[in-house]
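1. Please work out how this folds:
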Amino acid sequence: MFQTDSDFVFDELEQDSSNADFRIKPNTLLSINIFTNDGSLLLEYSTGGGEGRRFMINNSIAYLVDADGYVNLPIIGKQYINGMSIREVQDYLSSLYEERYNDTFVIVSTENRRVMVYNGNNGRGQVVPLGYNGISIIEAITLAGGIGASGDASKVRVFRKKDNKREVYELDLSKVEGIKYANTAVESGDIIYVQPVPRLGREILENIQPIVSIISSASILYLVFARAL
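-> Numbering: from 1, shown residues only. Next up is the predicted model:
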């Protein structure tokens, strides 16, 4: 799985971007809650109105950013938020709702950002939700159960879509020097693959086992016929 040629050239990973803000993109699913200054949730804003695509996530409504970067919200309608950070969206929406309610504040979180991690455990993978901004590569691997006993920490590959192409990075997390890469933030859609440690003995045994079985069966048949004669 995800094998490369011996002369494959890996891309260079930008180091330690764990503090980089996530920017809103089309098809981002946002959970948006509007509160008054005393902490009361404005249910009529959070659960009603808006003609855009809405989804129920954990008993609250999430709104989908459309292909043009707009989100359609109750009362204030379509708003262009493409390229904004989560904090910028919160401040922007708070200012819009402030025109209708005094001392409002908005809490925004993403619901569909995730990475896939294959941690070297017999090819099994796990989807890791990005519950907050700045989850690092090593955190994502840890959330998926860590590197398995059959995983090679010196060959951790990260597949990332960037500028309409898929870049491939190879990290060595078996050494202390690798921490500079381990702390790099993951991005939604990343695939983290820990290459399994080759098990030559087991593979050879699995390959020759059918032959051994045939030879054993032939030997038994030969002994049976020899005794019959």
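2. Centre of the chain to the longest strand along the chain, how far?
-> Among the segments of the chain that qualify as a strand by DSSP state E, the longest is strand 151-162. Relative to the centre of its chain, strand 151-162 is centred 13 Å away, using Cα atoms, centre = their mean, to the nearest Å.
3. Need the residues that contact that strand.
-> Residues outside strand 151-162 that contact it (Cβ atoms under 8 Å, 6 or more residues apart in numbering): 2, 13, 119-121, 137, 141, 147, 166-175, 186-187, 189-197. For every residue, glycine as well, the C-beta is placed using N, CA and C.
4. what pairs with it, and is each one parallel or antiparallel?
-> With DSSP bridges as the test, strand 151-162 is paired with strand 165-171 (antiparallel), strand 191-196 (antiparallel).
5. about what we covered before: return a PyMOL selection command for the buried portion of the contacts of strand 151-162.
-> In PyMOL syntax, the buried subset of these is picked out as below (16 or more other Cβ atoms under 10 Å):
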select buried, resi 13+119+120+121+137+141+147+168+169+170+171+173+186+187+190+191+192+193+194+195+196
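6. State the distance from Y80 to I32.
-> 15 Å (Cβ to Cβ, to the nearest Å).
7. And those two? Which one has more around it.
-> Per other Cβ atoms under 10 Å, whichever of Y80 and I32 has more neighbours is I32, with 21 against 13.
8. Which pLDDT value belongs to that one?
-> pLDDT, I32: 85.
9. Isn't it up against V108?
-> Yes. Between I32 and V108 there is a contact at 5.3 Å, judged by Cβ atoms under 8 Å.
10. Check the contact lists of these two and give me the overlap.
-> By Cβ under 8 Å, 6+ apart, I32 and V108 have these common neighbours: L93.
11. Could you report the neighbour count for S150?
-> Neighbours of S150 (other Cβ under 10 Å): 16.
12. E12 too?
-> A count of nearby residues for E12, using other Cβ under 10 Å, gives 8.
13. mind putting the strands paired with strand 151-162 in TSV, distance to V128 included?
-> What follows is those, written out as TSV (distance: least, Cβ to Cβ, whole Å):
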stretch	distance to V128
strand 165-171	17
strand 191-196	9
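14. Serialize these to TSV and add fields for mean pLDDT and distance to L73.
-> Output for the strands paired with strand 151-162, formatted as TSV (pLDDT from 0 to 100; distance: least, Cβ to Cβ, whole Å):
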stretch	mean pLDDT	distance to L73
strand 165-171	91	34
strand 191-196	92	33
